[in-house]
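Student: need coordinates for the below:
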Amino acid sequence: MKILIFLRLSFTGIINIHSSMGAYITLVTDSPRTTKLIRYQARQGISVTNQRHQQVKVNIFEKILAQYLDGHNCMDIIVENICNHVERGEIKLFIGEQEILDSELILKQVRSLTAATLDKFAENAMLTG
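Tutor: Residues are numbered from 1 along each chain as shown. Presented below is the predicted three-dimensional model:
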């Protein structure tokens, strides 16, 4: 069963088979991008495979953020999309034990979390050029 899934992912271009580490960048760009495999794995589970072929656990915020990292979205669009997830209740933000409900505070918090998470992705070989 797993081999069939692997072959399907390979033939659809979600994964590429190679023996060396994939290329990655360590700085966040204006329109950040991750791999198709990471975006797919983020939708499916709790860990993704980085460009060093290591498993990296991802939380709900990181899973949702990864979906917008296709190289076509600038930071403002990514933040706007994440804010929409917060407004729909798919992500809850807190300061201490108090949920953030104010739209200005949500925007500020999402900007901060997005920047920090993208830095984490860069450090963990999860961003590509």
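
Student: by contact count, what packs against the strand or helix carrying Leu105?
Tutor: Taking DSSP states H and E as the criterion, Leu105 maps to helix 103-123. Counting contacts by 3 or more Cβ pairs under 8 Å, 6 or more residues apart in numbering; DSSP states H and E, helix 103-123 is packed against helix 60-66, helix 75-87. Using the backbone N, CA and C atoms, a C-beta is placed for each residue, glycine as well.

Student: what angle sits between it and helix 75-87?
Tutor: 120 degrees (axes from the mean of the first three to the mean of the last three Cα atoms, to 10 degrees).

Student: thought Glu62 was touching Ala42?
Tutor: Yes. Using Cβ atoms under 8 Å, Glu62 is in contact with Ala42, at 7.0 Å.

Student: the helix or strand hosting Ile38: how far from the chain's middle?
Tutor: If you go by DSSP H and E, Ile38 is part of helix 36-44. In terms of Cα atoms, centre = their mean, to the nearest Å, the centre of helix 36-44 is found 8 Å from the chain centre.

Student: and the contacts of whatever helix or strand comes next after it?
Tutor: Once the chain leaves helix 36-44, the next helix or strand it forms, by DSSP H and E, is strand 47-49. Residues outside strand 47-49 that contact it (Cβ atoms under 8 Å, 6 or more residues apart in numbering) are Leu37, Ile38, Gln41, Ala42, Gln55, Val56, Lys57, Val58, Ala66, Met126.
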